[in-house]
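Chemist: Next input, structure requested:
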Amino acid sequence: MTEDQASPASRFTNRVADYAASRPGYPEDLWDALWKKSGLERGDAAADLGSGTGISAEPLLERGAALFCVEPNEAMRREAEAALSGYRNFYSVNGTAEKTGLPGASVSLVVAAQSFHWFRQDEARLECLRILKPRGGAAVIWNERRLNGSPFLEGYERLLLEHGTDYGRVRHENVSSRQLAAFFGNRYEALSFPNLQIFDLEGLKSRVRSASYTPPPGHPGHAAMMEALERLFAACEEKGRVRMLYDARLYVGKPLAATPAAWDK
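Modeler: Next up is the predicted model:
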């Protein structure tokens, strides 16, 4: 097992540029729903746990949240700092979901976007309870890539299954309803929003390289994977583009054992 595979905090160190360039954002409707459900107002403090390069942070900053971006990977944290430095309400924190370093009862919302599957989830739940204000809530967010529905989507999934290093083990779809229930109890709502990316060949290559479960440049399996990707693109492209479709999932509520409050008014 490589160092990348062994440590969740270090898996993306050599993929930061591709991650920032080619990972999908989230639909505006999702952020509007979260803002409404959470009752967050401009100036309220929130924490983005496992904030990475800042993809999930910017929509919250734009809406006026005072956002503490908690990220243990230095390279990803520095990328976010460069991208988000223009926001006066952005705060970069070297910490983890299990040990944020934030004061107790200091934030009104915690968000985990594309990161929950890396957490030690019960420890993270307790840390969320510690840093949340009594009426605060939590949101778990994913872009869930569609695995079928077009030759490209189906071929892309086959490519990852064949060439991925530990794809089956670490994919975020492995988080079960039982794990979500252990984090939220029965006090959460699940919402879904369509999302997509359109790639040319170079953009698609960057998207593949951004995944921690694909062999990076220099790995013995990298060249074969990229050759297979070029063949897939050639077979599926229309006017030099392919479409990657997602369902953006939002789970929003209160961590289990949080102080009861009127979340759903």
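
Chemist: show me where the stretch 151-265 of the chain has strands.
Modeler: Counting by DSSP state E, counting those that start in this stretch, the stretch 151-265 of the chain has these strands, from start to end: 188-199, 242-253.

Chemist: buried residues in the last one?
Modeler: What it means is strand 242-253. 242, 244, 245, 246, 248, 249, 250, 251, 252, 253 (16 or more other Cβ atoms under 10 Å). (Each C-beta comes from the backbone N, C-alpha and C, glycine too.)

Chemist: For the fifth one, give me its contacts.
Modeler: The reference is to residue 248. Residues near residue 248 by Cβ atoms under 8 Å, 6 or more residues apart in numbering: 26, 27, 30, 141, 142, 143, 144, 192, 193, 194, 195.

Chemist: Next, work out how far apart the last one and residue 63 are.
Modeler: Translated: residue 195. Separation of residue 195 from residue 63 (Cβ to Cβ, to the nearest Å): 19 Å.

Chemist: Give me the more crowded residue out of these two.
Modeler: residue 195 (21 against 18; other Cβ atoms under 10 Å).

Chemist: List the strands paired with the longest strand along the chain, with their directions.
Modeler: Under DSSP state E, the strand in the chain containing the largest number of residues is strand 132-145. Applying DSSP bridges, strand 132-145 is found paired with strand 107-113 (parallel), strand 242-253 (antiparallel).

Chemist: all helices in the chain, in order from the N-terminus.
Modeler: Using DSSP state H, the helices of the chain run over 3-6, 16-22, 28-38, 57-62, 74-84, 121-131, 151-163, 167-170, 177-184, 201-209, 222-236.

Chemist: Out of those helices, which is closest to residue 113?
Modeler: Of all the helices of the chain, helix 57-62 sits nearest to residue 113, with 8.6 Å by Cβ to Cβ.

Chemist: Okay, buried residues for that closest one please.
Modeler: 57, 58, 59, 60, 61.

Chemist: so who does residue 71 touch?
Modeler: So residue 71 contacts 50, 51, 52, 77, 80, 92, 93, 94, 95 (Cβ under 8 Å, 6+ apart).

Chemist: Please report the distance of it from residue 139.
Modeler: Taken as Cβ to Cβ, the span from residue 71 to residue 139 is 17 Å.

Chemist: Residue 161 touches residue 155, doesn't it?
Modeler: No. Residue 161 is not in contact with residue 155 according to Cβ atoms under 8 Å; the separation is 10.7 Å.

Chemist: out of the two, which sits in the more crowded spot?
Modeler: Set side by side, residue 161 and residue 155 show more neighbours around residue 155, with 17 against 11, by other Cβ under 10 Å.

Chemist: pLDDT score for the more buried one?
Modeler: On pLDDT, residue 155 comes in at 98.

Chemist: ditto for the one 5 residues further on
Modeler: What the model reports for residue 160 is a pLDDT of 95.

Chemist: Can you pull out the low-pLDDT segments for the stretch 101-250 of the chain?
Modeler: 170-174 (pLDDT under 70).

Chemist: try 90
Modeler: 118, 165-178, 185-187, 212 (pLDDT under 90).

Chemist: related to what we said a few turns ago, of the strands of the stretch 151-265 of the chain, which approaches residue 38 most closely?
Modeler: strand 242-253 (6.8 Å).

Chemist: Report the inter-axis angle for that closest one versus helix 28-38.
Modeler: With axes from the mean of the first three to the mean of the last three Cα atoms, to 10 degrees defining the directions, strand 242-253 sits at 0 degrees from helix 28-38.

Chemist: Can you give the distance of strand 242-253 from its chain's centre?
Modeler: 10 Å (Cα atoms, centre = their mean, to the nearest Å).
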